[in-house]
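> I'll drop the sequence and a predicted model, then ask my questions.
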There are 2 protein chains.
Amino acid sequence: MKPVFRSRGDFRWEGIEVLPYKPAGTHFRDISRQLLFGSEDGLGCELRYFEIDPGGHSTLERHAHRHAVLIVRGAGRVLVGREVYALETYDGVRIPPWTWHQFRASAQRPLGFLCMVDRERDRPERPSPAELEELRRDAALAEFIRT
Amino acid sequence: MKPVFRSRGDFRWEGIEVLPYKPAGTHFRDISRQLLFGSEDGLGCELRYFEIDPGGHSTLERHAHRHAVLIVRGAGRVLVGREVYALETYDGVRIPPWTWHQFRASAQRPLGFLCMVDRERDRPERPSPAELEELRRDAALAEFIRT
């Protein structure tokens, strides 16, 4: 591995593949993933760059592992637990363990963010129908959530 | 801890202190440190934001732990091992174990970068006079290095 990898502009990098966010599913929309620093870099964490196109969203999910997120492009909103927060470029987000979360880009701008995560981690789980119903009893969450 | 911390613009954040790069020393110049995600975030790594003012530099050092770096502001150069690389915004840098490295901002622009590092890590060491002399036998390194 070379010590330096170059930005190609527009949040793309030489030698870094633009990957699907997840293998398949309809529970996310218009989101890509790039692994900037992965297991071969030998750190305890990975650093990924996710980008959600305007109007798109990540999966509503939760898991034992934590996320440390820094927005580096555009704007949007995030659900953390039972609260929705507006996000602007360079805001930081902490996702605690077992906390429902979902990112949405704004209608006009993408939402691009770096996400630091432990290399060894559990798989995310999505809400059951009963959990989803419970979340949607809150009108603000019902408006926000995409499944 | 709140789930979201806000950018105050200019690579400063609400609730994040702007710290000295190191407690003391003359082996670095015009560099600050902000801990964006630290031990209380419970991940295996920390994410720090360093900013070097125009003309400034980090310490020339090496250590067992690795660095994963993403430039997010300005431009400069970095020494990794025995090579000097030009850096522009959004370039990535991998510092392998026990590899001499030093960052320098350009004369006109700052160099701001995110640095991911294992939470548990060894202390850096600086070159001995003999090691410094050996590095400086290379004219490009002699020009670059600041001590």
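Yep, that arrived. Numbering: from 1, shown residues only, chains lettered A, B, ... in the order given.
> mind checking the longest helix of chain A?
Looking across chain A with DSSP state H, the single longest helix is helix A:129-136.
> what's it packed up against?
Where contact means 3 or more CB pairs under 8 Å, 6 or more residues apart in numbering or on different chains; DSSP states H and E, helix A:129-136 is packed against helix A:139-144. Every residue, glycine included, has its C-beta placed from N, CA and C.
> if you rank every helix and strand of chain A by mean pLDDT, what lands last?
Least confident helix or strand of chain A, by mean pLDDT, DSSP states H and E, is strand A:19-20 with a mean of 90.
> so where's the longest strand in chain A?
strand A:45-57 (DSSP state E).
> CA-only coordinates of that one in PDB, if you can.
Taking C-alpha atoms only, strand A:45-57 is exported to PDB below (Å, rounded to 0.1, in the frame of the first residue of the first chain):
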ATOM      1  CA  CYS A  45     -11.200   1.000  13.700                       C
ATOM      2  CA  GLU A  46     -12.200   1.600  10.100                       C
ATOM      3  CA  LEU A  47     -13.000   4.900   8.500                       C
ATOM      4  CA  ARG A  48     -15.600   4.900   5.800                       C
ATOM      5  CA  TYR A  49     -17.100   7.700   3.700                       C
ATOM      6  CA  PHE A  50     -20.800   7.500   3.100                       C
ATOM      7  CA  GLU A  51     -22.700   9.700   0.700                       C
ATOM      8  CA  ILE A  52     -26.400  10.000   0.500                       C
ATOM      9  CA  ASP A  53     -27.900  11.700  -2.600                       C
ATOM     10  CA  PRO A  54     -30.500  14.400  -2.100                       C
ATOM     11  CA  GLY A  55     -33.700  12.800  -0.800                       C
ATOM     12  CA  GLY A  56     -32.000   9.500   0.000                       C
ATOM     13  CA  HIS A  57     -31.500   7.800   3.400                       C
END
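> let's see the pLDDT reported for A:His27.
Looking at A:His27, its pLDDT stands at 85.
> where does the closest residue to it other than its chain neighbours fall, secondary structure wise?
Nearest residue to A:His27 in three dimensions, chain neighbours excluded: A:Thr59, at 4.8 Å (CB to CB, 6 or more residues apart in numbering or on different chains). Counting by DSSP states H and E, no helix or strand carries A:Thr59.
> what residues sit buried inside the longest helix of chain A?
Neighbour-count burial for helix A:129-136 flags A:132, A:135 (criterion: 16 or more other CB atoms under 10 Å in any protein chain shown).
> please export the C-alpha coordinates of that helix as PDB.
Provided in PDB are the C-alpha atoms of helix A:129-136 (Å, rounded to 0.1, in the frame of the first residue of the first chain):
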ATOM      1  CA  PRO A 129     -43.200  -4.500  13.000                       C
ATOM      2  CA  ALA A 130     -44.100  -3.900  16.700                       C
ATOM      3  CA  GLU A 131     -41.000  -1.800  17.300                       C
ATOM      4  CA  LEU A 132     -41.700   0.300  14.200                       C
ATOM      5  CA  GLU A 133     -45.300   0.800  15.300                       C
ATOM      6  CA  GLU A 134     -44.100   1.900  18.700                       C
ATOM      7  CA  LEU A 135     -41.600   4.400  17.100                       C
ATOM      8  CA  ARG A 136     -44.300   5.800  14.800                       C
END
